[in-house]
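[1] Need a 3D model of the following:
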Amino acid sequence: MDTENTGQDNEPSVTSVESPGVMDRSRVSEGKSFPLGATWDGLGVNFALFSAHATRVELCLFDASGEHEIERIELPEYTDEIWHGYLPDARPGLLYGYRVHGPYAPEEGHRFNANKLLLDPYAKQIVGDIKWDEALFGYTIGHEDGDLSFDERDSAPFMPRCRVVDPAFTWGRAQPVHVPWDRTVVYETHARGYTMRHPAVPEALRGTFAGLMENEVVDYIRSLGVSSVELLPVHAFVDDQHLQEKGLHNYWGYNTLGFFAPHGPYMAGDNINEFKEMVARFHAADLEVILDVVYNHTAEGNELGPTLSLKGIDNTSYYRLLPDQARYYIDDTGTGNTLNMSHPRVLQMVTDSLRYWATEMRVDGFRFDLATILGREPHGFDEGGGFLDSTRQDPILSQVKLIAEPWDCGPGGYQVGKFPPGWSEWNDRFRDTVRAYWKGDEGALPELAARLTGSADLFDRRGRRPFASVNFVTAHDGFTLYDLVAYNDKHNEANGEDNNDGHDDNRSWNHGEEGPTENPEIRDLRLRQIRNFLATTLFAQGTPMLLAGDELLRTQQGNNNAYCQDNEVSWVDWNLTGDAHAMIEYLRRLIELRERYPILRRAAT
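    Sure thing, here's the model as predicted:
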């Protein structure tokens, strides 16, 4: 490895561009180290970025098109490991990014490369898409030294930009809903897929927050009787290169690029207030909004992944690295990297993000993907870990709904029932037991009794209540409810992985024929089983969660891992049959009964 290849020794060029409204050279003062990110105060914009190991930080400003870098400003001050500066002439709408200088020493964990334009981890809006190119990588792909090599190409032409936002928004009479846990019925859906085929949503609004808040959409959800709409990830995320090469796309969105910015393609316009309007519309209909959030990893992958943000800002602080081989990442997520929640600034970033969405965006709760990661300390999962302790004592986060997916891919990752008071958890034991029972598996009845009565064997500790168990039979990951009774085996060929992806142990039953059938007896039996699953979920003690579209008899043609199917395989089909209309009415009746009779939703054991 060439030890002279360091980020600060390689200066990308800046093209001088005339841009209306931009001074030849911006005024800059020291500014403040708090808050982090780009903050408009009504007079100018303060910029603050954490990096404990950088030697210099440059703020790059772009013209309105985002195509031309018009100025590069060195942040003048460094306070408590925060680089900061204030631009009195800057305004909302300004596009920017960072170049961070420091040692390029992968074997020591440092991957600074100032040739790479980096996104602000606190960016409230990210504009444009990643255009996959070798210049996005801090090392030279194909070099004999691999990731130890140093790439001098400028990544700016292939990177999105951060945008300074004005947070002003008139909420009017909209108020948080605050649905009690014992009255909560979660409806899990996808912000894009729910409206892509909806006939009442204008075509230009389909797949967006604006489409999701159309009256017909909100009124239908409210009519079901559910209380809380849980959206799959809406944080800005990356469309993976390997999927694009196969003509597929990251549909689910579990590949976060920015923890504060809504995903750009989900907005019909260019103003993040569209998301706030959607929340206000749902609140006006007495519906909560819960976000599925991904704080366990980022889109930068392992040592062979791209340099987009955290990796180039301070790799050793933001990520968990192998203690004796800092070149390599600890991968407890199965995605290449793991956020280092033991670091105070990383912990701050995550909790700041949560508070931002809970206060500025007014969402009502969060479902945490691979939440065991968030409780991991260097010695393993700890229910008294820094993040879990932070949420329990935080005056804002302790008052919103916190739902854990209580497992990850690392050692000791399965922690169902082990999260502290204040948390609810996805209960996969409920899912598997209920599936097995209605499939007719022997020996399922004793455990079914435990699952129907709140899974006390798992959750009755430290004063936790039955609602800590989030009971579900289907979710985005796996078969839809119709496919659960129509397929014995997964059919994931469209994913391009030779049907090797997705779960094999589905505990499903096709009732005599694989897939669609014209046999009336089989069809009737399948519909009866769907009703059995819905009734079991709604009448069991705990918090029921439903997968949107199950009441419409939605099918994914047997695909139980449709993470890359941004098409009609995943989108909700609103062309309803008579059986679907009947199932909708059946679900409404179940939820009405649950609400009417407190014995079906006991708050205490």
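
[2] Now do the same for Phe366: helix, strand or coil?
    For Phe366, the assignment made with DSSP: H, G, I helix; E, B strand; the rest coil gives strand.

[3] ditto for Val217
    helix.

[4] Please apply the same query to Gly172.
    coil.

[5] low-scoring stretches of the stretch 151-300 of the chain, by residue?
    Counting by pLDDT under 70, the stretch 151-300 of the chain has no low-confidence residues at all.

[6] Quick one: the strands in it, in order.
    Secondary structure of the stretch 151-300 of the chain, counting by DSSP state E, counting those that start in this stretch: strands at 161-163, 186-189, 228-231, 235-237, 256-262, 288-293.

[7] residues near Asp286, how many?
    11 (other Cβ atoms under 10 Å). Where you see a C-beta, it was placed from the backbone N, CA and C, and this is true even at glycine.

[8] Arg192 reaches Met267, doesn't it?
    No - here Arg192 lies out of contact with Met267, judged by Cβ atoms under 8 Å, at a distance of 11.0 Å.

[9] Now the common contact residues for these two.
    Thr208 (Cβ atoms under 8 Å, 6 or more residues apart in numbering).

[10] out of the two, which sits in the busier spot?
    Arg192 (24 against 19).

[11] which residues sit in contact with the closest residue to that one other than its chain neighbours?
    The shortest distance from Arg192 to any non-neighbouring residue, by Cβ to Cβ, 6 or more residues apart in numbering, is to Gly207 (4.1 Å). Gly207 is in contact with 191-193, 195-196, 265-266, counting by Cβ under 8 Å, 6+ apart.

[12] Let me have those in TSV, adding distance to Val165 as columns.
    Shown next, in TSV, are the contacts of Gly207 (distance: Cβ to Cβ, whole Å):
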residue	distance to Val165
Ala191	19
Arg192	22
Gly193	27
Thr195	25
Met196	27
Pro265	17
Tyr266	16
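
[13] okay, and for the stretch 351-500 of the chain, where does confidence drop off?
    For the stretch 351-500 of the chain, no range has pLDDT under 70.

[14] Go through stretch 278-287 and flag the buried ones.
    278-285, 287 (16 or more other Cβ atoms under 10 Å).

[15] could I get those as JSON lines with distance to Leu94?
    Converted to JSON lines, the buried residues of stretch 278-287 look like this (distance: Cβ to Cβ, whole Å):
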{"residue": "Met278", "distance to Leu94": "25"}
{"residue": "Val279", "distance to Leu94": "26"}
{"residue": "Ala280", "distance to Leu94": "27"}
{"residue": "Arg281", "distance to Leu94": "29"}
{"residue": "Phe282", "distance to Leu94": "31"}
{"residue": "His283", "distance to Leu94": "31"}
{"residue": "Ala284", "distance to Leu94": "33"}
{"residue": "Ala285", "distance to Leu94": "36"}
{"residue": "Leu287", "distance to Leu94": "35"}
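
[16] For the stretch 451-600 of the chain, just list every one of the strands.
    Under DSSP E, counting those that start in this stretch, the stretch 451-600 of the chain gives strands at 469-471, 543-547.

[17] helices and strands around the last one, which ones?
    Strand 543-547 is packed against strand 186-189, strand 469-471, helix 520-539, with contacts defined by 3 or more Cβ pairs under 8 Å, 6 or more residues apart in numbering; DSSP states H and E.

[18] Out of these, which one sits most buried?
    strand 469-471 (a mean of 27; mean count of other Cβ atoms under 10 Å).

[19] and that one, which strands flank it?
    Paired strands of strand 469-471, with direction, are strand 424-427 (parallel), strand 543-547 (parallel) (DSSP bridges).

[20] Same list (these) but as CSV, adding distance to Ser398 and mean neighbour count.
    As requested, the strands paired with strand 469-471 are exported to CSV (distance: least, Cβ to Cβ, whole Å; neighbours: other Cβ atoms under 10 Å):
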stretch, distance to Ser398, mean neighbour count
strand 424-427, 13, 26
strand 543-547, 18, 27
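
[21] can you redo these as a markdown table with distance to Arg392?
    Shown next, in a markdown table, are the strands paired with strand 469-471 (distance: least, Cβ to Cβ, whole Å):
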| stretch | distance to Arg392 |
| --- | --- |
| strand 424-427 | 14 |
| strand 543-547 | 19 |
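
[22] mind checking which of those strands is nearest Lys116?
    strand 424-427 (37.0 Å; Cβ to Cβ).

[23] chain center to the closest one, what's the gap?
    17 Å (Cα atoms, centre = their mean, to the nearest Å).

[24] Output that strand as CSV, restricted to C-alpha atoms.
    Extracted in CSV, the C-alpha atoms of strand 424-427 (Å, rounded to 0.1, in the frame of the first residue of the first chain):
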residue,chain,number,x,y,z
SER,A,424,-43.4,-4.1,22.7
GLU,A,425,-42.0,-6.8,20.4
TRP,A,426,-42.8,-8.7,17.3
ASN,A,427,-43.7,-12.2,18.6
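
[25] and the angle from the helix or strand following it to helix 520-539?
    Sequence order places helix 428-439 as the next helix or strand after strand 424-427, per DSSP states H and E. With axes from the mean of the first three to the mean of the last three Cα atoms, to 10 degrees applied, the angle from helix 428-439 to helix 520-539 works out at 150 degrees.

[26] elements contacting helix 428-439?
    In terms of contacts (3+ Cβ pairs under 8 Å, 6+ apart), helix 428-439 is packed against helix 445-452, strand 469-471, helix 520-539.

[27] and the residue nearest to Thr577 when sequence neighbours are not counted, what does it touch?
    For Thr577, ignoring the flanking residues on the chain, the nearest one in space by Cβ to Cβ, 6+ apart is Leu553 at 7.0 Å. By Cβ under 8 Å, 6+ apart, the contact set of Leu553 is 481-482, 530, 577, 579-580, 583.

[28] Pipe the residues you listed into CSV and attach distance to Asp382 per row.
    As requested, those are arranged in CSV below (distance: Cβ to Cβ, whole Å):
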residue, distance to Asp382
Leu481, 36
Tyr482, 41
Ile530, 41
Thr577, 50
Asp579, 49
Ala580, 46
Met583, 44
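
[29] Could you pick out the buried ones from those?
    Among the contacts of Leu553, those classed as buried by 16+ other Cβ under 10 Å are 481-482, 530, 579-580, 583.

[30] Farthest pair within these?
    Leu481 and Asp579 (12.7 Å).

[31] so where is the stretch 501-605 of the chain shaky, pLDDT-wise?
    605.

[32] in the sheet, who's paired with the nearest residue to Val226 once chain neighbours are set aside?
    Spatial nearest neighbour of Val226, chain neighbours left out: Tyr187 (4.1 Å); criterion: Cβ to Cβ, 6+ apart. Tyr187 forms beta bridges with Val229, Leu546, as assigned by DSSP bridges.

[33] need the contact list for Tyr187.
    For Tyr187, the contact set (Cβ under 8 Å, 6+ apart) comprises 221, 224, 226, 228-230, 545-546, 548.

[34] try Ala548
    Here Ala548 is in contact with 187-190, 194, 572 (Cβ under 8 Å, 6+ apart).

[35] For Thr480, see how far away it is.
    According to Cβ to Cβ, to the nearest Å, Ala548 and Thr480 sit 10 Å apart.

[36] In this structure Tyr414 contacts Pro406, no?
    Yes - using Cβ under 8 Å, Tyr414 is in contact with Pro406, at 7.4 Å.

[37] Spell out which residues are contacts of both of these two.
    Common contact partners of Tyr414 and Pro406 (Cβ under 8 Å, 6+ apart): Thr372.

[38] The two: who's more crowded?
    With neighbours defined as other Cβ under 10 Å, Tyr414 and Pro406 compare such that Pro406 has more, 26 against 12.

[39] helix/strand/coil for the more buried one?
    Classified using three-state DSSP, Pro406 is coil.

[40] got the contact list for the closest residue in space to Glu568 that isn't next to it in sequence?
    What sits nearest to Glu568 in space, not counting adjacent residues and going by Cβ to Cβ, 6+ apart, is Arg197, at 7.1 Å. By Cβ under 8 Å, 6+ apart, the residues touching Arg197 are 206, 568, 571-575.

[41] Sweet, I'm off.
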